[in-house]
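Asker: attaching a predicted model along with its sequence, questions to come.
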Amino acid sequence: FDNSYKNLVSYFAQNDKVSADELREILRMIEGGSDT
């Protein structure tokens, strides 16, 4: 996904398998992991 969480989110958003809550959880994991 070109290391872009925005691309990752748009991909999952277009895939109706992921809920908004799940997207927020993914963002939290990504943002938390990028601090290291």
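Answerer: Arrived safely, thanks for sending.
Asker: which residues of the chain score low on pLDDT?
Answerer: Applying pLDDT under 70 to the chain flags residues 1-3, 16, 34-36.
Asker: can you map out the helices along it?
Answerer: 5-14, 20-33 (DSSP state H).
Asker: counting by contacts, list what the shortest one packs against.
Answerer: The criterion is 3 or more Cβ pairs under 8 Å, 6 or more residues apart in numbering; DSSP states H and E, and the helices and strands that helix 5-14 contacts are helix 20-33. C-beta here means a position set from N, CA and C on the backbone, and glycine is covered the same way.
Asker: does the helix it packs on pack against any helices or strands, and if so which?
Answerer: Secondary elements touching helix 20-33 (3+ Cβ pairs under 8 Å, 6+ apart): helix 5-14.
Asker: just the C-alphas of the helix it packs on, formatted as PDB.
Answerer: Only the C-alpha atoms of helix 5-14 are listed here, as PDB (Å, rounded to 0.1, in the frame of the first residue of the first chain):
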ATOM      1  CA  TYR A   5      -2.300   4.300   5.800                       C
ATOM      2  CA  LYS A   6      -4.700   6.500   3.800                       C
ATOM      3  CA  ASN A   7      -4.400   4.100   0.800                       C
ATOM      4  CA  LEU A   8      -4.900   1.200   3.200                       C
ATOM      5  CA  VAL A   9      -8.000   2.800   4.700                       C
ATOM      6  CA  SER A  10      -9.500   3.700   1.300                       C
ATOM      7  CA  TYR A  11      -8.800   0.100   0.200                       C
ATOM      8  CA  PHE A  12     -10.600  -1.300   3.200                       C
ATOM      9  CA  ALA A  13     -13.400   1.300   3.000                       C
ATOM     10  CA  GLN A  14     -14.200   0.100  -0.600                       C
END
